[in-house]
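Undergrad: only geometry, no sequence info:
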């Protein structure tokens, strides 16, 4: 029974709300690292990370020449199929840069302007949203909010029609006046997808393929109109579970073989692509194959501050390199898959990182490689294992007396303490299933120390004491779990705790 970590059905852009917010590593000089040295350091970083079972695919190229490219881990852990450049991943909010490019194609064709207002496309729109411009939608400065609209976009949620999506969005209050400030919103990009359909007279993905993907020779990118098979798509794995069957979340895009893409996802996230296509995407942008020079300049210019050192462009976060040149980045994910792309435009350097098991430390891989480009001394520590795997590994490598030092070990690995009680509970389950009852109990006791107000943890500890015949400790923990549960609206563990107490004669 775990109430904290829920199988992710997060909107593909929720994770990407933190676009390029990783602080840049201090760099001593504005000189690009020698390519051979950079390749060696990237290889060292990812090879060491692979020893910690951190899966993923990394690509670094300079002026179109591949400097380093390697896949680590498996696209399908059941069959043993490895990750490679042909593996198709869910790329989450990288979708937004394609939607933005499609809008600018229509600008190039003279069919709309980024200064157009929503009132021009939705005559019945409420007055507070009528003046929102396409530019504001593109830069997340419209005042629309996923929070106030009840936005629940996700890869696996039920289908939501265009009318239902627009009705809920237009009825929601703004979080700020249009143009006032940045607030990352998936709903704004789905609204852009609706405008693309209205102006082009085609479904979003049909127009995207005609106007953007096909000119870039991207044949393995899309929702439904892409070249893929079960032998090329990656399975996603939920990191809290170490056993493959439980961790395996399957192939997300299979649902679109039988149903339309929900309007709470369309245009803002959930596109699938492989590395090969994303490399072609960078090349097409660099070579001006998609947009006119004027449109491309607008596409890659930062407009609205989203951090102290970053401006949001059209589907990109923009920072300045130590040499004063623009660096465009964006990420995307859904709690299972994670994608990151970084482009040094003037230097023509491309970095792509894709993974089918997403956790915080693993998501820093792309930014770490970015920071190596101008800092020849920067060698990041290897990506640590996923948190549950790290705790299980610690338990297997140390005597149970070392449980008191686990919290410090965890903080050294990740830079912060244990955030969720489920992490230790899941690790305890794994070591217990392997027959190490001493470590199982030690982990449950540690979890109660770290999260003393969590009634479920006291119940788990009480049940462990009960199964070991430690009557007085079991009674104390079970009673405390019920007392904490009484303070909550729902107490899933109170009834089994009462039953356990009854079995103990209480």
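TA: Structure received. Keep in mind that this is a model prediction, so the values were computed, not measured.

Undergrad: Show me where the stretch 101-250 of the chain has its helices.
TA: Remark: helices assigned in the stretch 101-250 of the chain by DSSP state H, counting those that start in this stretch are 127-130, 134-138, 162-171, 186-200, 204-208, 244-247.

Undergrad: which parts of the longest one are buried?
TA: Using 16 or more other C-beta atoms under 10 Å as the burial criterion, the residues of helix 186-200 that qualify are 186-197, 199-200. For glycine as for every other residue, the C-beta is placed from the backbone atoms N, C-alpha and C.

Undergrad: cool, the first one as well?
TA: Going by neighbour count (16+ other C-beta under 10 Å), the buried part of helix 127-130 is residue 129.

Undergrad: quick one: contacts of the helix or strand where residue 327 lies?
TA: Per DSSP states H and E, residue 327 falls inside strand 326-333. By C-beta atoms under 8 Å, 6 or more residues apart in numbering, the surrounding residues in contact with strand 326-333 are 12-13, 15-16, 18-20, 91-97, 269, 300, 302, 313, 315-321, 338-346, 358, 363, 366-367, 370.

Undergrad: Could you report the distance from the spatially most central residue of the chain to residue 49?
TA: The centroid of the chain falls nearest to residue 333 when counting by C-alpha atoms, centre = their mean (2.5 Å). Counting by C-beta to C-beta, to the nearest Å, the gap from residue 333 to residue 49 is 18 Å.

Undergrad: Likewise for residue 255?
TA: On the measure of C-beta to C-beta, residue 255 and residue 49 end up 31 Å apart.

Undergrad: Looking at these two, which has the bigger crowd around it?
TA: More neighbours surround residue 49 than the other of residue 255 and residue 49, with 24 against 15 (other C-beta atoms under 10 Å).

Undergrad: OK, contacts around the closest residue to the more buried one other than its chain neighbours?
TA: Nearest residue to residue 49 in three dimensions, chain neighbours excluded: residue 383, at 3.7 Å (C-beta to C-beta, 6 or more residues apart in numbering). Residue 383 is in contact with 45, 49, 52, 54, 361-362, 364-365, counting by C-beta under 8 Å, 6+ apart.

Undergrad: what's the answer for residue 85, then?
TA: Counted by C-beta under 8 Å, 6+ apart, residue 85 has contacts 57, 59, 69, 71, 274-276.

Undergrad: do that again at 6 Å, thanks
TA: Each residue near residue 85 by C-beta atoms under 6 Å, 6 or more residues apart in numbering is listed here: 275-276.

Undergrad: Quick one, grab the pLDDT at it.
TA: Listed pLDDT for residue 85 reads 97.

Undergrad: sorry, back to before: state the distance from the residue nearest to residue 49 to residue 45.
TA: For residue 383 relative to residue 45 (C-beta to C-beta), the value is 8 Å.

Undergrad: how is the protein carved up into domains?
TA: 11-382, 387-503 (automatic domain parsing).

Undergrad: Packed most tightly, which of these would that be?
TA: Most buried of the domains of the chain, by mean neighbour count (mean count of other C-beta atoms under 10 Å): domain 11-382, with a mean of 20.

Undergrad: how close does the closest residue to residue 417 other than its chain neighbours sit to residue 254?
TA: Nearest non-adjacent residue to residue 417, counting by C-beta to C-beta, 6+ apart: residue 411, 5.3 Å away. For residue 411, the distance to residue 254 equals 39 Å [C-beta to C-beta].

Undergrad: still on that earlier bit, which among the contacts of residue 383 gets closest to residue 263?
TA: Closest approach to residue 263 among those (C-beta to C-beta): residue 362, at 30.5 Å.

Undergrad: For that closest one, list the residues it contacts.
TA: Contacts of residue 362 by C-beta under 6 Å, 6+ apart are 54, 355, 383.

Undergrad: Now go through the contacts of residue 383 and say which are in strands.
TA: Using DSSP state E, the subset of the contacts of residue 383 located in strands is empty.

Undergrad: Output those in JSON lines, with pLDDT and distance to residue 439 appended to each entry.
TA: JSON lines is the format used below for those (pLDDT from 0 to 100; distance: C-beta to C-beta, whole Å):
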{"residue": "45", "pLDDT": "97", "distance to residue 439": "31"}
{"residue": "49", "pLDDT": "97", "distance to residue 439": "26"}
{"residue": "52", "pLDDT": "95", "distance to residue 439": "20"}
{"residue": "54", "pLDDT": "95", "distance to residue 439": "24"}
{"residue": "361", "pLDDT": "95", "distance to residue 439": "23"}
{"residue": "362", "pLDDT": "96", "distance to residue 439": "25"}
{"residue": "364", "pLDDT": "96", "distance to residue 439": "29"}
{"residue": "365", "pLDDT": "97", "distance to residue 439": "30"}
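
Undergrad: Any chance you could list what contacts the longest helix anywhere in the chain?
TA: Longest helix in the chain by number of residues, with DSSP state H as the criterion: helix 35-51. Applying C-beta under 6 Å, 6+ apart, the contact partners of helix 35-51 are 58, 60, 62, 67-68, 72, 369, 372, 379-380, 382-383.

Undergrad: tilt between the helix or strand following that helix and helix 35-51?
TA: Proceeding N to C from helix 35-51, the next assigned helix or strand is strand 56-62, under DSSP H and E. Per axes from the mean of the first three to the mean of the last three C-alpha atoms, to 10 degrees, the angle that strand 56-62 makes with helix 35-51 is 180 degrees.

Undergrad: Need the contact partners of the helix or strand following strand 56-62.
TA: Past strand 56-62, further along toward the C-terminus, the next helix or strand under DSSP H and E is strand 65-72. Strand 65-72 is contacted from outside by 35, 39, 42, 50, 55-57, 59-61, 82-84, using C-beta under 6 Å, 6+ apart.

Undergrad: Lovely, talk soon.
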